[in-house]
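S.K.: I would like the atomic coordinates for the input below:
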Amino acid sequence: MKRKWWTNKFLNWKQGRLYLQTTPATELADKYGTPLFIYSLEQIKENLEKIKAAFSPADGLELKVAYALKANPHPEILRFLLAQGTWIDAVSPGEVKAALQAGFSAEKIIYTGTSVSLEDLKEIMAYPEIIINIDALEQLKLMKKVRAEFYPDRKYRVAVRWNPGIGRGFNAKVTTAGIRSPNGLPIKFGIEANLVATVYKEAQQSGFIPVGFHQHLGSGWIGRDWPIVREAVERMINKAAELVQLGFNLEFLDFGGGIAPQYEEKQKPFPIDKYARFIQKKIKEKKLPIKKIVLEPGKFLVADAGVLLMKVVYLKKSYGNYFVCVNAGTFNTVPRPAIYPEAYHHIVNCVERKGEKKRVTIAGHLCESGDVFAYDRPMALPKEGDLLAVLHAGAYGHSMASRFNLREIPPEIIL
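M.R.: Predicted coordinates:
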């Protein structure tokens, strides 16, 4: 039998049934109930090793993987990643607290906020070892105020998040660099190119210690995005060379996250090996005295290491449309399909059904027209009581879920 494209160390298809590692999905659903999130640490490690292999040490450059905690903040996942030697990319005081509680030391946390308030900074700057990414000149002014009022004798290491003028994401809402998004709206993140040196100078003159330079272009890169990413990398390294010439001793360049897992069979993967070689090559060409490269993967590490299990409550036919009605809602489980029209999650019946495939719409149980996991998806018709698995639910599922309609957010278990 031909191997299914989505199988991995976590997801297996044997004798017409879905197995999660070595256990049938149906057994786990019977034991814990549905809806239910299930995660695999083994698959997370497999994904992490792919990145490490691509960025194997070259020319004295050390790779630091700073996990984008917002993708999935489950404490056991955080503790596991700590044991693998990762850092943390945190975007709020709450995420910093979660990382510290999981055992990460403050010097292994990079805080990258946006619209950062005085209250946020007071909490963040309570940890003098944390690396603070500056997203705006105005943020630096607030940092000076907070330090003067609450922590006058402390030194802080800082980086600057710039906006290179171009960005890339699978949807306009997740494009985080560029002058305007693909749908023409202003991008709120980062410092424009002509202000970068000014921010470094003011930071240094104010007693902060510049150690890094950062960019994040957006989320969900696949093969076709390589030319834009390549151009942005080149812009960043050229700007870093200018900063070094101005006398700033940068320890690391942080290229952010963005690499997509394989959500669809037809998807051409982003060329991670080519990306790694290009970064290393350009740093060498510019003779930058950089010690570390930092990457901030989120969904690449955890998306395909998670599934959502849900039950079919009944099939509904209306005006020729088949609706597979399930005991879960997108907003309370896997919100991505409801938020981003391009967000595809493969959905499989955990026990194979034979018969002609029909186009079905998999509808959630929320009072909201957008509460749909998939529209017109080809599938052999499930039966009432069947168990469906939403794949790639390990990232931006539970972490983005709400209690809309006062529905509960499902429990999580780790294999």
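S.K.: since we're on Lys31, how many residues are nearby?
M.R.: 10 (other C-beta atoms under 10 Å). For the C-beta atoms, the positions are set from N, CA and C on the backbone; glycine is no exception.
S.K.: Equivalent analysis for Phe323, please.
M.R.: Neighbour tally, Phe323, other C-beta under 10 Å: 15.
S.K.: which residues touch the closest residue to it other than its chain neighbours?
M.R.: By the measure of C-beta to C-beta, 6 or more residues apart in numbering, the closest residue to Phe323 outside its immediate chain neighbours is Lys316, 4.2 Å from it. Taking C-beta atoms under 8 Å, 6 or more residues apart in numbering as the criterion, Lys316 is in contact with Tyr322, Phe323, Cys325, Ala363.
S.K.: any idea which element Lys316 lies in?
M.R.: strand 306-318 (DSSP states H and E).
S.K.: one step back: buried ones only from the contacts of Lys316, please, as a PyMOL command.
M.R.: Selection of buried members from the contacts of Lys316 for PyMOL, criterion 16 or more other C-beta atoms under 10 Å:
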select buried, resi 322+325+363
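S.K.: Identify the single longest helix in this protein, thanks.
M.R.: Under DSSP state H, the helix in the chain containing the largest number of residues is helix 226-245.
S.K.: other SSEs contacting it?
M.R.: Using 3 or more C-beta pairs under 8 Å, 6 or more residues apart in numbering; DSSP states H and E, the elements in contact with helix 226-245 are helix 196-205, strand 209-214, strand 252-254, helix 272-285.
S.K.: Now do the first one against helix 226-245, angle only.
M.R.: Going by axes from the mean of the first three to the mean of the last three C-alpha atoms, to 10 degrees, helix 196-205 is angled at 40 degrees with respect to helix 226-245.
S.K.: partners of whichever helix or strand comes after the strand holding Lys316 in the sheet?
M.R.: Once strand 306-318 ends, the next helix or strand along the chain (criterion: DSSP H and E) is strand 321-326. Strand 321-326 has the following strand partners under DSSP bridges: strand 306-318 (antiparallel), strand 357-363 (parallel).
S.K.: now strand 321-326: mean pLDDT?
M.R.: In this model, strand 321-326 has a mean pLDDT of 97.
S.K.: Run through who's touching that strand.
M.R.: With contacts defined as C-beta under 8 Å, 6+ apart, strand 321-326 is touched by 310-317, 358-365, 373, 379, 381-382, 388.
S.K.: Please indicate which of these are buried?
M.R.: Buried subset of the contacts of strand 321-326 (neighbour count, 16+ other C-beta under 10 Å): 310-313, 315, 358, 360-365, 373, 379, 381-382, 388.
S.K.: Please parse this structure into its domains.
M.R.: What automatic domain parsing lists as the domains of the chain is 11-41+303-414, 105-297.
S.K.: what would those domains look like in TSV with distance to Pro57?
M.R.: TSV is the format used below for the domains of the chain (distance: least, C-beta to C-beta, whole Å):
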stretch	distance to Pro57
domain 11-41+303-414	25
domain 105-297	10
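S.K.: Compare the ones you listed and give me the one nearest Asn72.
M.R.: When the domains of the chain are compared by C-beta to C-beta, domain 11-41+303-414 sits nearest Asn72, at 5.5 Å.
S.K.: and Val96, what is it in contact with?
M.R.: Taking C-beta under 8 Å, 6+ apart, one finds Ala90, Ile109, Tyr111, Glu123, Ile124, Tyr127, Ile130 in contact with Val96.
S.K.: cool, Asp376 as well?
M.R.: Neighbouring residues of Asp376 by C-beta under 8 Å, 6+ apart: Arg359, Val360, Thr361.
S.K.: need the helices for this protein, in chain order.
M.R.: Applying DSSP H to the chain gives helices spanning 25-32, 41-54, 75-83, 93-102, 118-124, 137-150, 196-205, 226-245, 272-285, 299-302, 336-339.
S.K.: got the contact list for the last one?
M.R.: It stands for helix 336-339. Residues outside helix 336-339 that contact it (C-beta under 8 Å, 6+ apart) are 173, 330-331, 343-345, 368, 370-374, 396-397, 400.
S.K.: let's see 10 Å
M.R.: With contacts defined as C-beta atoms under 10 Å, 6 or more residues apart in numbering, helix 336-339 is touched by 171, 173-174, 263, 299, 303, 329-331, 342-345, 347, 362, 364, 366, 368-375, 390, 392-393, 395-397, 400, 404.
S.K.: could you flag which of those residues are buried?
M.R.: Buried among those (16+ other C-beta under 10 Å): 171, 173-174, 263, 299, 303, 329-331, 343-345, 347, 362, 364, 366, 371-374, 390, 392-393, 395-397, 400, 404.
S.K.: coming back round to it: which two from the contacts of Val96 end up farthest apart in space?
M.R.: Greatest spatial distance among those (C-beta to C-beta): Ile109 and Glu123, at 12.5 Å.
S.K.: what about these two, which has more around it?
M.R.: Ile109 (23 against 16).
S.K.: can you tell me how far the more buried one sits from Gln204?
M.R.: 22 Å (C-beta to C-beta, to the nearest Å).
S.K.: Next: Gly397.
M.R.: Per C-beta to C-beta, Gly397 is found 41 Å from Gln204.
S.K.: need the contact list for Glu414.
M.R.: In this structure residue 414 is Ile, not Glu. Ile414 is in contact with 37-41, 44, 74-77, 80, 305-306, counting by C-beta under 10 Å, 6+ apart.
S.K.: Export the residues you listed to JSON lines and append columns for pLDDT, distance to Ile293 and neighbour count.
M.R.: Below are the contacts of Ile414 laid out as JSON lines (pLDDT from 0 to 100; distance: C-beta to C-beta, whole Å; neighbours: other C-beta atoms under 10 Å):
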{"residue": "Phe37", "pLDDT": "98", "distance to Ile293": "32", "neighbour count": "25"}
{"residue": "Ile38", "pLDDT": "98", "distance to Ile293": "33", "neighbour count": "25"}
{"residue": "Tyr39", "pLDDT": "98", "distance to Ile293": "27", "neighbour count": "26"}
{"residue": "Ser40", "pLDDT": "98", "distance to Ile293": "27", "neighbour count": "22"}
{"residue": "Leu41", "pLDDT": "98", "distance to Ile293": "25", "neighbour count": "20"}
{"residue": "Ile44", "pLDDT": "98", "distance to Ile293": "21", "neighbour count": "26"}
{"residue": "His74", "pLDDT": "98", "distance to Ile293": "27", "neighbour count": "21"}
{"residue": "Pro75", "pLDDT": "98", "distance to Ile293": "28", "neighbour count": "13"}
{"residue": "Glu76", "pLDDT": "98", "distance to Ile293": "28", "neighbour count": "13"}
{"residue": "Ile77", "pLDDT": "98", "distance to Ile293": "23", "neighbour count": "24"}
{"residue": "Phe80", "pLDDT": "98", "distance to Ile293": "23", "neighbour count": "19"}
{"residue": "Ala305", "pLDDT": "98", "distance to Ile293": "24", "neighbour count": "29"}
{"residue": "Gly306", "pLDDT": "98", "distance to Ile293": "27", "neighbour count": "30"}
